[in-house]
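*Asks:* Sharing a model prediction with you, sequence too.
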Amino acid sequence: MYKRLAAATVAVFFLFDVAFAAGTPAPANAFVYIGWPSDGQVVSAGKPFRVWFGLRNMGVAPKDVKFPNTGHHHLLIDADLLPSGQDIPSDRNHLHFGAGETETILELPPGKHTLQLLMGDDKHIPHNPPVYSKKITITVK
């Protein structure tokens, strides 16, 4: 009896962990990308530039709107992807586009910078599997 109870307890903890740490399911063929600027692009210092986001096989929905196969964009600036299931922070390196925006205007200091998109669900948690773009490098001068 104790063995069955122990096995059932382990199974419940495993299911609980998977359900809450795995994130919202994403379509297997979802693809997010940065449409502009291009990798290696040089942009002018002191002048704002446009960054536009592309997404295929998945929809965009504002934060707090839970609908299958949707999410909203997060732009990572000079930052790495997060561990699976971790909330995406909101700071100068993790910009949230929770109103469903598909572009933004940035102004960055001179130097090399990396940009990468990461889709988040209605609660700012990366999908499972995570939907992220290639990391690009731009130079501001």
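*Replies:* That came through fine.

*Asks:* from here on, contacts and neighbour counts on C-alpha atoms
*Replies:* Will do.

*Asks:* residue ranges with poor pLDDT in this structure?
*Replies:* Within the chain, the segments meeting pLDDT under 70 span 1-22.

*Asks:* In it, which residue is most central in space?
*Replies:* Leu118 (1.9 Å; CA atoms, centre = their mean).

*Asks:* could you pull out the strands for the protein?
*Replies:* 31-36, 42-43, 49-56, 59-60, 70-77, 94-96, 103-106, 111-120, 136-140 (DSSP state E).

*Asks:* and the gap between the residue nearest to the centre of the chain and Phe31?
*Replies:* Going from Leu118 to Phe31 by CA to CA, to the nearest Å gives 10 Å.

*Asks:* joint contacts of these two?
*Replies:* Common contacts of Leu118 and Phe31 (CA atoms under 8 Å, 6 or more residues apart in numbering): Val131, Tyr132, Ser133.

*Asks:* Give the bridge partners for Phe31, please.
*Replies:* Arg56 (DSSP bridges).

*Asks:* hang on, the earlier thing: could the strands of the chain be laid out in TSV, adding distance to Gln86?
*Replies:* Formatted as TSV, the strands of the chain follow (distance: least, CA to CA, whole Å):
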stretch	distance to Gln86
strand 31-36	19
strand 42-43	32
strand 49-56	22
strand 59-60	20
strand 70-77	14
strand 94-96	13
strand 103-106	24
strand 111-120	10
strand 136-140	23
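
*Asks:* Could you single out the most deeply buried of the ones you listed?
*Replies:* strand 70-77 (a mean of 26; mean count of other CA atoms under 10 Å).

*Asks:* Between strand 31-36 and it, find me the angle.
*Replies:* Strand 70-77 and strand 31-36 meet at an angle of 50 degrees, taking axes from the mean of the first three to the mean of the last three CA atoms, to 10 degrees as the criterion.

*Asks:* Show me what strand 70-77 is packed up against.
*Replies:* strand 59-60, strand 94-96, strand 111-120 (3 or more CA pairs under 8 Å, 6 or more residues apart in numbering; DSSP states H and E).

*Asks:* Could I get those in a markdown table, plus columns for distance to Gly85?
*Replies:* What follows is the helices and strands packed on strand 70-77, written out as a markdown table (distance: least, CA to CA, whole Å):
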| stretch | distance to Gly85 |
| --- | --- |
| strand 59-60 | 20 |
| strand 94-96 | 16 |
| strand 111-120 | 10 |
